[in-house]
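>>> Kindly return the folded structure for what I paste below:
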Amino acid sequence: MIIFYLFAVFGFTYWGGRCFIYARQIRYLSDHAVSQGVPKAAPKVSILVPFCDEEGSIVKAAKKLALLEYPNLEILYLNDRSTDGGGEALETYLASKSKKLETSYKEHCFHIKELPNGWLGKLHAIDFGLKQAQGKWVLLMDADVMLEPSVLQKAVDHCESDNLDHLALIAEFGSPGFWTTSLQAAFFSLVPLAFLPAQVRSPKSNVYAGVGAFQLIRRSFLQKVGGMKWLALEVIDDIGLGKLVKANHGKSELMSGRGLAKLHWYGSIPEMIRGTEKNLFAAMRYSLWRMILQVTFSLGLAFYFVWSLYTCPPSLLVFGLGMLSLLFFFIGLHRYYRVWNFNAFHALTIFFMVPILFWMLVRNSVLAWRKGGISWRGTFYSIDTLIENQRVFLGTDFVFGYPKAAVTDKESPEVRPLS
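Residues are numbered from 1 along each chain as shown. Got it, this is the predicted structure:
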């Protein structure tokens, strides 16, 4: 019993320490001072906004993008087979706006009607948009992300001055409700255990990162590596883009966008559970046994730690070490949560939220395993297809590395639409 207790003490100390280091290493884009403002000859940026059945947010996103303070811009909205009225609502808004005022940038809405075999819908839409884009830089973002007017100005200037190929920006989270936000905070509390921001910046490191909310990348770099084809069937596509950059010797950075970008991820806990059905099993590399071992080990360790506290450890010194490790963990977690705009009260709920996360992992993994695959945007993808085309292996990639120049022209296997 004492061995498990001490191991748990070490685990909480290590977790808290990683949170401290992460919070210390992360750089904030809001701190970047644009050098002498952005000139009229600023490099052109193409914003790609793929969306599907987002009638409630796409026009709101377009109105917010209209406020961006950047002189050389085009915005491409990519309607990926929406079945609601989002595409029509956006077209109506863009048409009415063009009649009322003349903007300094171009806006286009493309309606994608069909999904070719061997693609995830969102990635196909992005790849389609890349072929239309004219900018030196391409910004990939989700329709539910709200950007402050100065964010693009700061991001482009930072990338140009630091000679980056790829910038991933962590958006701060909106407030759908205390318990939903607490669950989302617990979900991201595991990130420091996987990697640190300085590792992403280092060209010598195998560590990569990506954020679906905001990814700025050189268009010439994406063209050189074949666009999104290598990631065509990668479910964790945002992190996969980070790997694509690092695998092809690009320079990447992960920064905090607190105060500049806001994301409303999921509005409720049931919505979050359903929304992560395609992601969580992918993190286990589509292995039911890997999921079972992960859950059993983590929950077993936590149980023995709590049980040993309840039954009283053999000495006051050992008990004190446990309390200090927990205090250190909560302080580190709170500092890390500030990166995402979570607060101390969210940190205090983590022991209630983590079991829910594990239940989500078990539920979604078993659901995918029973179905033999995942369904996303009206298309079914078999587990065998996803395994064959998986690109992101967070643990083994970071520890053992991966082949450089990782682009492949191998054709993706067939997928079938849902009936």
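>>> How is this structure partitioned into domains?
2-22+277-400, 25-274 (automatic domain parsing).
>>> among those domains, which is the most enclosed?
domain 25-274 (a mean of 19; mean count of other Cβ atoms under 10 Å). C-beta: built from backbone N, CA, C; applies to glycine.
>>> ok, back up a step: how about the domains of the chain in JSON lines, adding mean pLDDT?
Converted to JSON lines, those look like this (pLDDT from 0 to 100):
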{"stretch": "domain 2-22+277-400", "mean pLDDT": "87"}
{"stretch": "domain 25-274", "mean pLDDT": "90"}
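>>> Name the next helix or strand downstream of whichever strand or helix holds residue 18, please.
Per DSSP states H and E, residue 18 falls inside helix 2-25. Using DSSP H and E, the helix or strand that follows helix 2-25 in sequence is strand 27-28.
>>> What are the boundaries of the strands in the stretch 201-350 of the chain?
Per DSSP state E, counting those that start in this stretch, the stretch 201-350 of the chain carries strands over the ranges 214-218, 252-256, 261-263.
>>> Which strands or helices does the helix holding residue 18 pack on?
The contact analysis (3 or more Cβ pairs under 8 Å, 6 or more residues apart in numbering; DSSP states H and E) places helix 2-25 against helix 191-194, helix 197-201, helix 288-310, helix 316-340.
>>> That helix versus helix 316-340: what angle between them?
On the basis of axes from the mean of the first three to the mean of the last three Cα atoms, to 10 degrees, helix 2-25 is oriented at 30 degrees to helix 316-340.
>>> starting at the chain centroid, how far to helix 2-25?
Distance of helix 2-25 from the chain centroid (Cα atoms, centre = their mean, to the nearest Å) equals 24 Å.
>>> What of stretch 161-172?
Taking Cα atoms, centre = their mean, one finds stretch 161-172 lying 13 Å from the centre of the chain it belongs to.
>>> For it, measure first residue to last.
The straight-line separation of the ends of stretch 161-172 (Cα to Cα, to the nearest Å) is 24 Å.
>>> what's next to that stretch, contact-wise?
Residues outside stretch 161-172 that contact it (Cβ atoms under 8 Å, 6 or more residues apart in numbering) are 26, 29, 35, 145, 151, 155, 158-159, 200, 209-211, 213-218, 221, 238, 241-242, 245, 250-263, 339-341.
>>> What's the separation between the residue positioned nearest the centre of the chain and residue 256?
By Cα atoms, centre = their mean, the chain has its centre lying nearest to residue 211, at 3.4 Å. The spacing between residue 211 and residue 256, counted by Cβ to Cβ, to the nearest Å, is 10 Å.
>>> For residue 79, which non-adjacent residue is spatially closest?
Closest residue in space to residue 79, ignoring its immediate chain neighbours: residue 87 at 4.1 Å, by Cβ to Cβ, 6 or more residues apart in numbering.
>>> Surely the one you found and residue 110 touch.
No: counting by Cβ atoms under 8 Å, residue 87 stays clear of residue 110, with 9.4 Å between them.
>>> Return every residue with contacts to both of these two.
Going by Cβ under 8 Å, 6+ apart, residues that sit against residue 87 and also against residue 110 are residue 79.
>>> rewinding a little: got the angle between the helix holding residue 18 and strand 252-256?
Going by the same axes, to 10 degrees, helix 2-25 makes 90 degrees with strand 252-256.
>>> So what touches helix 2-25?
By Cβ under 8 Å, 6+ apart, helix 2-25 touches 189, 191-193, 196-198, 301-302, 304-305, 308-309, 313-314, 318, 321-322, 325-326, 328-333, 335-336, 338-339.
>>> now the helices and strands packed on helix 2-25 in TSV, with distance to residue 69?
Below are the helices and strands packed on helix 2-25 laid out as TSV (distance: least, Cβ to Cβ, whole Å):
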stretch	distance to residue 69
helix 191-194	30
helix 197-201	26
helix 288-310	45
helix 316-340	24
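>>> Identify whichever of these lies nearest to residue 401.
Of all the helices and strands packed on helix 2-25, it is helix 197-201 that lies closest to residue 401, at 12.6 Å by Cβ to Cβ.
>>> Remind me what the closest one packs against, helices and strands.
Contacting helix 197-201 under the criterion 3+ Cβ pairs under 8 Å, 6+ apart are the following elements: helix 2-25, strand 252-256.
>>> Output those in a markdown table, with distance to residue 366 appended to each entry.
Shown next, in a markdown table, are the helices and strands packed on helix 197-201 (distance: least, Cβ to Cβ, whole Å):
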| stretch | distance to residue 366 |
| --- | --- |
| helix 2-25 | 26 |
| strand 252-256 | 32 |
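>>> closest to residue 92 out of these?
That would be strand 252-256 among the helices and strands packed on helix 197-201, by Cβ to Cβ, at 35.7 Å.
>>> Need the residues that contact stretch 275-285.
Contact partners of stretch 275-285, identified using Cβ under 8 Å, 6+ apart, comprise 235-236, 266, 290-291, 294, 360-361, 364-365, 367-369, 374, 376, 386-387, 390, 392-394.
>>> Ok, stretch 50-68 next?
Applying Cβ under 8 Å, 6+ apart, the contact partners of stretch 50-68 are 47, 49, 75, 77-86, 89-90, 93-94, 97, 103, 107, 121-122, 125-126, 129, 142-147, 149, 151-153, 264, 377.
>>> just checking, which of the residues you listed belong to helices?
Of these, the ones assigned to helices by DSSP state H are 86, 89-90, 93-94, 97, 121-122, 125-126, 129, 151-153.
>>> Can you pick out the most distant pair from those?
121 and 153 (31.2 Å).
>>> wait, what's in contact with residue 208?
Neighbour list for residue 208: 195, 200, 239, 242, 243, 245, 246, 247, 252, 397 [criterion: Cβ under 8 Å, 6+ apart].
>>> Report the two of those separated the most.
Using Cβ to Cβ, the contacts of residue 208 span at most 15.2 Å, a distance reached by 195 and 247.
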